[in-house]
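Colleague: Need coordinates for the below:
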Amino acid sequence: MPVAGFVVNARREDLKAVVDKLQEIKGAEVHGTDDKGHIVLVLEGDSGEEMEKVAAGITKMDGVISLHLAYFHAEDEVEKIERGEIKPRFSFGRQHEKSCVL
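Modeller: A predicted model of the protein is given here:
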């Protein structure tokens with residue numbers, strides 16, 4: 001199960017509303033806020049792809065200015081890749097390279 005830590009930047013006047021919306025997300029935990037609109041958020045998901053979708057949704061929330069990844073841990077996904085149970089899909093790096101060698 002992947003776990004990721006994010007810093008969400010929200011408009012100060014929308015901070016409480018954004019925190020309330022984040023707390024409604026399955027697997028989301030708000031660990032703190034400050035008066036500048038920063039929110040410390042931890043997400044857990046079933047897969048990296050699911051987490052990407054959730055993160056994309058957060059960036060579209062009213063009041064959210066930006067979302068920044070602080071850390072990402074997915075050891076069990078690496079094990080699944082090694083066993084051939086899942087195939088990673090990369091959306092960054094060299095576009096002409098079609099495969100990943102582990």
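Colleague: how many other residues sit next to the closest residue to Ala55 other than its chain neighbours?
Modeller: Spatial nearest neighbour of Ala55, excluding adjacent residues (CB to CB, 6 or more residues apart in numbering): Leu67 at 6.0 Å. C-beta here means a position set from N, CA and C on the backbone, and glycine is covered the same way. The number of residues packed near Leu67 is 19, by other CB atoms under 10 Å.
Colleague: Any idea what Leu67 is bridged to?
Modeller: Here Leu67 sits in beta bridges with Val8, going by DSSP bridges.
Colleague: okay, it: pLDDT?
Modeller: Turning to Leu67, the model gives it a pLDDT of 96.
Colleague: So it sits against Phe6, correct?
Modeller: Yes - using CB atoms under 8 Å, Leu67 makes contact with Phe6 at a distance of 5.7 Å.
Colleague: Lys36: neighbour count?
Modeller: Counted with other CB under 10 Å, residues neighbouring Lys36 total 9.
Colleague: same deal with the one 10 residues further on?
Modeller: Burial of Asp46, expressed as a neighbour count using other CB under 10 Å, amounts to 12.
Colleague: Could you do the one 5 residues further on as well?
Modeller: Met51 sits with 22 neighbouring residues when counted by other CB under 10 Å.
Colleague: Check the secondary structure at it for me.
Modeller: Of the three states, Met51 takes helix according to DSSP: H, G, I helix; E, B strand; the rest coil.
Colleague: quick one: it from Arg12, how far?
Modeller: Relative to Arg12, Met51 is positioned 27 Å away (CB to CB, to the nearest Å).
Colleague: Next: Lys53.
Modeller: Applying CB to CB to Lys53 and Arg12 gives a distance of 27 Å.
Colleague: same question, Gly84
Modeller: If you measure Gly84 against Arg12 using CB to CB, the figure is 48 Å.
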